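>>> Sequence and predicted structure, then a few things I'm wondering about:
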Amino acid sequence: MQHDRTSTSPVFFLYERRPSLKSTCDTPPQNFAETLPTEMSLKIFGELDAESLCSASRTCKLWHHIIEDSEQLWRSQCLLVRAVCEREVDSDRKNGLSWKVTLVRNYNRSCLKRDWLRGRYSHVRSAEELSGRKMTPLDAESWGEILQAELDR
């Protein structure tokens, strides 16, 4: 039996089109969001915290569109903020604000309030200890919670 060199078998044809190991090292890595279904990319982005999610949305146009168009990503992050700022988040949602806008409005407030409630500022002796720290206005009810936490310590 002779082998006909003019015709190419389908297996050989597929192998020829595949990049060699040497050429993959020379080519830049592909963006995972270009190769995966959007649902899988959303699962990956869903593992990020709020700051990382915002950074990722600035990485490239594709990531930006995937992240910006997903209410579920913003909702899950916002619910974490709600654990500390329930009243504020619920009020914003009742006023018709999107999950993303609600998160942006309350993220810094929740970080500050969480730190206060955990006692981060219980033993501050001077303003220099607070330098570089973002401060944000808190309502009277939040201050009441903070003062009660201080009294309980």
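Yep, it's here.

>>> make it CA atoms for all contacts and neighbour counts henceforth
Noted.

>>> tally of neighbours for Gln148?
12 (other Cα atoms under 10 Å).

>>> Could you do Ile67 as well?
By other Cα under 10 Å, 22 other residues sit near Ile67.

>>> now the helices for the chain?
10-17, 21-26, 32-35, 38-45, 50-57, 61-68, 71-82, 86-94, 99-117, 140-152 (DSSP state H).

>>> will you turn those into TSV that also has mean pLDDT?
Conversion of the helices of the chain to TSV gives the following (pLDDT from 0 to 100):
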stretch	mean pLDDT
helix 10-17	39
helix 21-26	46
helix 32-35	86
helix 38-45	93
helix 50-57	92
helix 61-68	93
helix 71-82	94
helix 86-94	95
helix 99-117	91
helix 140-152	88
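
>>> Arg133 is nearest to which of those helices?
helix 99-117 (9.1 Å; Cα to Cα).

>>> That closest one versus helix 140-152: what angle between them?
Helix 99-117 runs at 30 degrees relative to helix 140-152, counting by axes from the mean of the first three to the mean of the last three Cα atoms, to 10 degrees.

>>> mind listing what's buried in stretch 30-50?
Using 16 or more other Cα atoms under 10 Å as the test for burial, stretch 30-50 gives Ala33, Ser41, Leu42, Phe45, Gly46, Ala50.

>>> any idea how far the most centrally placed residue in the chain is from Leu97?
Residue closest to the mean C-alpha point of the chain, counted by Cα atoms, centre = their mean, is Leu53 at 2.3 Å. Counting by Cα to Cα, to the nearest Å, the gap from Leu53 to Leu97 is 19 Å.

>>> Same question for Cys60.
26 Å.

>>> same deal with Thr35?
33 Å.

>>> repeat for Ala140
For Ala140, the distance to Leu97 - Cα to Cα - is 22 Å.
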